[in-house]
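Participant: give me the fold of what follows.
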Amino acid sequence: MNIVVLIKLVPDLVEELEIDESGKSLDTTFMRLIINEPDEHALEQAIVLKEREGGEVTVLGPSIEDMDSVLFTASAKGSDRLIKLVDSFELEVNNHALARAFTSVISELNPDLVLTGVQAHNDLDGSLGPLVAENLGMPYVGYVSGVTASGDKLTVRKEYPGGLIAEMEVTTPAVLGIQAAEQPPRYVAISKVRQAMKTATIEELAVSALDPSGGLTVSQMFQPQVGERAEMIEGDIDQIAAKLVELFGDLGVV
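Facilitator: Numbers count the residues shown, from 1 in each chain. Predicted coordinates for the structure are as follows:
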């Protein structure tokens, strides 16, 4: 099975984020970037499928700072081919442009399956998976938590609130948005990553000019303003209910 995994880097939300002087984007001077967590699960799911079904795993990522270390880590985990898309990528490049860049390369790779994280916390213009699937003319299933292959058919598992699980059959080639891999992403020691840096090769492929059309244009970013504090209603159930009715009446709701 020929599997392609798409990854992107996102700001580490553990760090304090600041807005740059333009007021339209984040200040990247000291920003720490990490692999998008659902993308890490997509990579793990791809490697699990490779170990179970055989095949090859190719990892694609844009040429953003720290991407090399992420790709070498993917190699240490079991990926076979590493490709970095080279262009004037910036952290704030929208998913429409990124999807078009990925599509141009994926078409040449002719994969049976494309995996990506179901979403990222900086997806302002939609998730990457559906956009890539639309460009490729492939079916898409999102929020996947398990994949079983049988010939050109895939059985994908989706989890719903309340403990409900659904299984869907999809014919390859297809694009899947992974919410969680069948097992936690594997840990690799830094020594294995360093070994991968000596033995693995990152291919660099130039892509055509980025086309951000269809995405959002950010006109302003700002910290949320502190509003009025909440009013805590005290008393027994009857007193609280009476106070709520009074408040709703003042607001014209009842």
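
Participant: C-alpha from now on. contacts and neighbour counts both.
Facilitator: Noted.

Participant: okay, now the unreliable bits of the protein?
Facilitator: Of all residues in the chain, none has pLDDT under 70.

Participant: could you pull out the helices for it?
Facilitator: Assigned by DSSP state H, the helices in the chain fall at 37-53, 67-77, 95-109, 128-136, 190-199, 237-251.

Participant: distance to residue 184 and mean neighbour count added to the ones you listed, as TSV?
Facilitator: Formatted as TSV, these follow (distance: least, CA to CA, whole Å; neighbours: other CA atoms under 10 Å):
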stretch	distance to residue 184	mean neighbour count
helix 37-53	7	23
helix 67-77	13	22
helix 95-109	26	19
helix 128-136	21	21
helix 190-199	18	14
helix 237-251	45	12
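
Participant: specify the stretch among those helices that is closest to residue 179.
Facilitator: helix 37-53 (5.8 Å; CA to CA).

Participant: what helices or strands is the closest one leaning on?
Facilitator: strand 2-6, strand 56-62, strand 113-117, strand 140-150, strand 174-178 (3 or more CA pairs under 8 Å, 6 or more residues apart in numbering; DSSP states H and E).

Participant: repeat that with 6 Å
Facilitator: strand 113-117 (3 or more CA pairs under 6 Å, 6 or more residues apart in numbering; DSSP states H and E).

Participant: now the strand it packs on, how far from the centre of its chain.
Facilitator: For strand 113-117, the separation from the chain centroid amounts to 10 Å (computed by CA atoms, centre = their mean, to the nearest Å).

Participant: please apply the same query to stretch 176-189.
Facilitator: Chain-centre distance of stretch 176-189: 12 Å, with CA atoms, centre = their mean.

Participant: buried residues, it. List them.
Facilitator: Within stretch 176-189, the residues that count as buried by 16 or more other CA atoms under 10 Å are 176-182, 185.

Participant: any idea which of these is closest to residue 34?
Facilitator: The closest of the buried residues of stretch 176-189, once distances to residue 34 are taken by CA to CA, is residue 185, at 14.5 Å.

Participant: tell me the spacing between the nearest residue to that closest one once chain neighbours are set aside and residue 151.
Facilitator: Leaving aside its chain neighbours, residue 185 sits nearest to residue 44 (5.3 Å; criterion: CA to CA, 6 or more residues apart in numbering). Relative to residue 151, residue 44 is positioned 21 Å away (CA to CA, to the nearest Å).

Participant: next one: residue 19
Facilitator: Separation of residue 19 from residue 151 (CA to CA) stands at 49 Å.

Participant: how about residue 95?
Facilitator: Taken as CA to CA, the span from residue 95 to residue 151 is 32 Å.
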